[in-house]
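Student: fold the following and give me the result.
(chains A and B)
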Protein chains: 2
Amino acid sequence: METVGTQRPGGRTERTRRAALDATLELLGERGYAELTVEAVAERSGVHKTTLYRRWESAEGLVAAALLMGTEQEWTAPDTGSLEGDLREVNLELVHFFTEPGLRELPIASISAAFLSPRAADALQEFYVDRHARSAAIVERAVARGEVPAGTDAVEVVRVACGPVFYRLFVSREGVTPRDADVAAAAAAAAAKAGVFTAADA
Amino acid sequence: METVGTQRPGGRTERTRRAALDATLELLGERGYAELTVEAVAERSGVHKTTLYRRWESAEGLVAAALLMGTEQEWTAPDTGSLEGDLREVNLELVHFFTEPGLRELPIASISAAFLSPRAADALQEFYVDRHARSAAIVERAVARGEVPAGTDAVEVVRVACGPVFYRLFVSREGVTPRDADVAAAAAAAAAKAGVFTAADA
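Tutor: Residues are numbered from 1 along each chain as shown, chains lettered A, B, ... in the order given. Okay, the predicted model is just below:
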């Protein structure tokens, strides 16, 4: 039996956690949330079903915990020397992850799961809050360079840059190209330079 | 038995179609796509199951046809006298429809259905292509007023305006307020005025 206790990196508890949550992410990408079961995670991961139920309660609990692993990933905002360049890089990365066959399945399934599970939605929110915080450096550097006014709301710049990419993917279902991502990045940078995101305009 | 034939407005075929597709939309909002069945549509609409299968084939066919009814709705883009004002109106309408309990269920279920059904995704795309075309008037008037350069890509302006609203709702899951919608509209207007969406910059 696995012991649920403090997580020592590389320890048995941690290895069990990684096996269970990695299997959850694999299955989420392959089947989607609606078809994901604790039984399938047990089979894929080799972690006993009893352990999975004790620690994560349900398939929903597994998915929520697995999505939160995203906040543990190494990710640093790009630093190209200009606000527009950095936003383009962020957007190109999004286009890559959300459109490349073999890569896109899990991120798409994560967005989709949040429609069906409030806990998945909360986990997704926590993931994006973390990404927003890490992306803020892009705007802080732009302020320091004098590209945009002091007091520019960094997260709002990021939302305007990537919003149209997600809109094309999951709302208007038009698909998205790197060129579309560039236009959205340029728009967010231009709006930031015009002072739209400063508290003074709020 | 219903006759599948030309659709006379107010005729029996048209009444059957409306009954079936209205029931489909009701059930989609109440249960979501995954739980929608032809049997339930038959029961709710009073249209015989055989008729539903013959005409729409499946629950997926019913949902796709029902979503396309959105393109038959009356909808004219707002005309407030300024680009930013018009984009704000569009965004406030989106916030209203996608957040008001009792109203939001169907639009949310429509976005969600497109993750599960390629035909629903195609129907959603057709709906948004139609809305984009109708919204283009906003930018055409702004060009005529000299607010934005000639050659401004109207649909791109609309995507940048509403993208952040949908991003907050369905990706970062942060929720959205009328104030957030205003900022996004202001950003799109500022970027358009800066010439980001003209072919010359493409």
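
Student: identify the residue nearest the residue in chain A that chain B sits nearest to in space, chain neighbours excluded?
Tutor: Residue nearest to chain B within chain A: A:Gly163 (3.0 Å; Cβ to the nearest Cβ). From N, CA and C alone the C-beta is placed, and that goes for glycine too. Distances taken as Cβ to Cβ, 6 or more residues apart in numbering or on different chains place B:Gly163 nearest to A:Gly163, at 3.0 Å, with adjacent residues excluded.

Student: host element of the one you found?
Tutor: Under the criterion of DSSP states H and E, B:Gly163 resides in helix B:154-170.

Student: show me what that helix is packed against.
Tutor: helix A:105-116, helix A:154-170, helix A:178-193, helix B:83-99, helix B:118-144, helix B:178-193 (3 or more Cβ pairs under 8 Å, 6 or more residues apart in numbering or on different chains; DSSP states H and E).

Student: 10 Å instead, please
Tutor: Helices and strands touching helix B:154-170, as assessed by 3 or more Cβ pairs under 10 Å, 6 or more residues apart in numbering or on different chains; DSSP states H and E, comprise helix A:105-116, helix A:118-144, helix A:154-170, helix A:178-193, helix B:83-99, helix B:105-116, helix B:118-144, helix B:178-193.

Student: circling back to that earlier point, show me what contacts the residue of chain A closest to chain B?
Tutor: A:171, A:184, A:187-188, B:159-168, B:171-172, B:184, B:187-188 (Cβ atoms under 10 Å, 6 or more residues apart in numbering or on different chains).

Student: and the residue nearest to A:Gly85 when sequence neighbours are not counted, how far from A:Val158?
Tutor: Distances taken as Cβ to Cβ, 6+ apart place A:Pro78 nearest to A:Gly85, at 7.6 Å, with adjacent residues excluded. Distance of A:Pro78 to A:Val158, given as Cβ to Cβ, to the nearest Å: 12 Å.

Student: shared neighbours, those two?
Tutor: Joint contacts of A:Pro78 and A:Val158 (Cβ under 10 Å, 6+ apart) are A:86-87, A:90, A:135, A:138.

Student: switch these over to TSV; also include distance to B:Gly11, neighbour count and pLDDT.
Tutor: As requested, the shared contacts of A:Pro78 and A:Val158 are arranged in TSV below (distance: Cβ to Cβ, whole Å; neighbours: other Cβ atoms under 10 Å in any protein chain shown; pLDDT from 0 to 100):
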residue	distance to B:Gly11	neighbour count	pLDDT
A:Asp86	59	25	98
A:Leu87	54	31	98
A:Val90	54	20	98
A:Ser135	56	25	96
A:Ile138	59	24	98
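
Student: which of the helices and strands packed on helix B:154-170 is buried the deepest?
Tutor: Comparing those by mean neighbour count (mean count of other Cβ atoms under 10 Å in any protein chain shown), helix A:154-170 ranks first with a mean of 26.

Student: what residues are up against the nearest residue to A:His132 once chain neighbours are set aside?
Tutor: Of all residues not flanking A:His132 in the chain, A:Val155 sits nearest, at 4.5 Å (Cβ to Cβ, 6+ apart). Neighbouring residues of A:Val155 by Cβ under 10 Å, 6+ apart: A:128-129, A:131-133, A:135-136, A:139, A:197, B:172, B:174.

Student: check the burial of A:Asp22 by counting its neighbours.
Tutor: For A:Asp22, the count of nearby residues is 15 (other Cβ atoms under 10 Å in any protein chain shown).

Student: let me see the backbone angles for A:Thr177.
Tutor: Backbone torsions of A:Thr177, given as degrees, to the nearest 10, read phi -120, psi 160.

Student: excluding covalently adjacent residues, which one is nearest to it?
Tutor: Distance criterion Cβ to Cβ, 6+ apart; nearest residue to A:Thr177, sequence neighbours excluded, is A:Val95 at 7.2 Å.

Student: wait, that neighbour touches A:Val176, no?
Tutor: Yes: using Cβ atoms under 10 Å as the test, A:Val95 is close enough to A:Val176 to be in contact (5.6 Å).

Student: look up how far B:Asp122 lies from the residue nearest to A:Gly163.
Tutor: From B:Gly163 to B:Asp122 the distance is 21 Å (Cβ to Cβ).
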